[in-house]
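Student: Next come a sequence and a model predicted from it.
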Amino acid sequence: MVVENSSGRLPGGLGLWLSSPNLLLLELSVQKSVDVIVLDLEHGSFDLATLDSFLCLARSLELVVLAKTLSPERASIQQPLDFGSAAVIIPHVGNVDHARCVTGFAKYPPSGTRSSSGGRSFHYRTPADDFFDRQNRETFCLPMIETAEALEAVEAIAALETVDGLFVGPTDLSLRRGRGRYRRTDEDRSDLERIACAAAAAGKPWIMPAWTPLERDWAQTLGAHLLIVAEEQAILSQGLDAALSNARNG
């Protein structure tokens with residue numbers, strides 16, 4: 001399934017979360033028909049040079065990449081888009097005024113304030129007259145709803161012209177709401193319901209990392225467009241556990 005709205009196209013389905021430039025998992029993602037790759041630039045080990053090379057390879061493999069930015073700052077948001085990411089996921093978004101400012105970094109004027117760069121996103125040539133409008137339509141800007149301030153303003157944030165969808169950060173949201181560790185409680189579900197309703201009212205998709213069957217059931221019931229269902233380090237840990245268990249018990 002693909003969402004088509006004023007921002008272009010965003011695949012639905014299942015995604016994989018990467019925290020390092022793991023070429024093996026990138027190639028396996030193609031073989032296993034993974035719909036989307038999320039790159040965690042905030043907590044992962046990507047630098048600008050490896051991000052540039054990794055996105056070049058991912059694009060050549062026709063993988064859709066969403067980059068979770070290092071911070072909600074201009075350079076951190078613009079660089080993944082300049083390198084060819086299909087979307088940016090912006091962490092640490094606050095109230096609606098903050099959201100309006102930081103999501104504007106992902107859109108060229110007049111919608112936002114993104115700076116023109118050249119290079120890969122320009123296909124290494126002089127841009128056509130409609131280039132900047134097309135870029136605004138064809139790249140997605142996804143603020144994370146992971147703070148109490150963002151949740152309180154989620155309806156207004158979802159309605160912003162510079163916002164193409166919402167990305168949920170369940171663990172940080174639980175922490176910032178004073179509940180401590182994310183435990184998939186009724187309060188957690190209530191927050192997800194509010195986010196889902198805000199996205200639906202704005203006619204925009206919402207996305208969630210859903211590591212467990214309960215989370216996937218919640219998210220699908222609430223109409224999530226894309227679920228991030230596997231994380232690089234967990235894949236390696238679980239695979240190693242299974243291999244060692246088989247060796248020891250077999």
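Tutor: Nice, I can see it.
Student: okay, CA-based contacts and neighbour counts for the rest of this
Tutor: OK.
Student: Just the CA trace of stretch 87-107, in CSV.
Tutor: The C-alpha trace of stretch 87-107 is given here as CSV (Å, rounded to 0.1, in the frame of the first residue of the first chain):
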residue,chain,number,x,y,z
ALA,A,87,11.9,11.5,4.3
VAL,A,88,13.1,12.9,7.5
ILE,A,89,11.9,11.9,10.9
ILE,A,90,12.5,14.8,13.3
PRO,A,91,13.0,14.1,17.0
HIS,A,92,12.4,16.3,20.1
VAL,A,93,9.6,18.3,18.6
GLY,A,94,7.9,20.6,21.1
ASN,A,95,4.9,22.8,20.8
VAL,A,96,3.2,23.8,17.5
ASP,A,97,5.4,26.9,17.1
HIS,A,98,8.5,24.8,17.4
ALA,A,99,7.1,22.2,15.0
ARG,A,100,6.3,24.9,12.5
CYS,A,101,9.9,26.1,12.6
VAL,A,102,11.7,22.8,12.4
THR,A,103,9.5,21.1,9.8
GLY,A,104,10.0,24.2,7.7
PHE,A,105,13.6,23.2,7.4
ALA,A,106,12.5,20.2,5.3
LYS,A,107,10.5,22.3,2.7
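Student: From the centre of the chain outward, give me the first residue you hit.
Tutor: residue 89 (4.1 Å; CA atoms, centre = their mean).
Student: so that one, which of the three states?
Tutor: Applying DSSP: H, G, I helix; E, B strand; the rest coil to residue 89 yields a three-state assignment of strand.
Student: what pairs with it across the strands?
Tutor: Listed by DSSP bridges, the beta-bridge partners for residue 89 are residue 68, residue 142.
Student: My guess is it contacts residue 68. True?
Tutor: Yes. With contact defined as CA atoms under 8 Å, residue 89 counts as touching residue 68 (4.4 Å).
Student: helix/strand/coil for residue 16?
Tutor: Of the three states, residue 16 takes strand under three-state DSSP.
Student: Strands of this protein, start to end?
Tutor: Counting by DSSP state E, the chain has these strands, from start to end: 2-5, 8-11, 13-18, 36-40, 64-68, 87-90, 140-145, 166-168, 206-209, 226-231.
Student: Many thanks, we can stop here.
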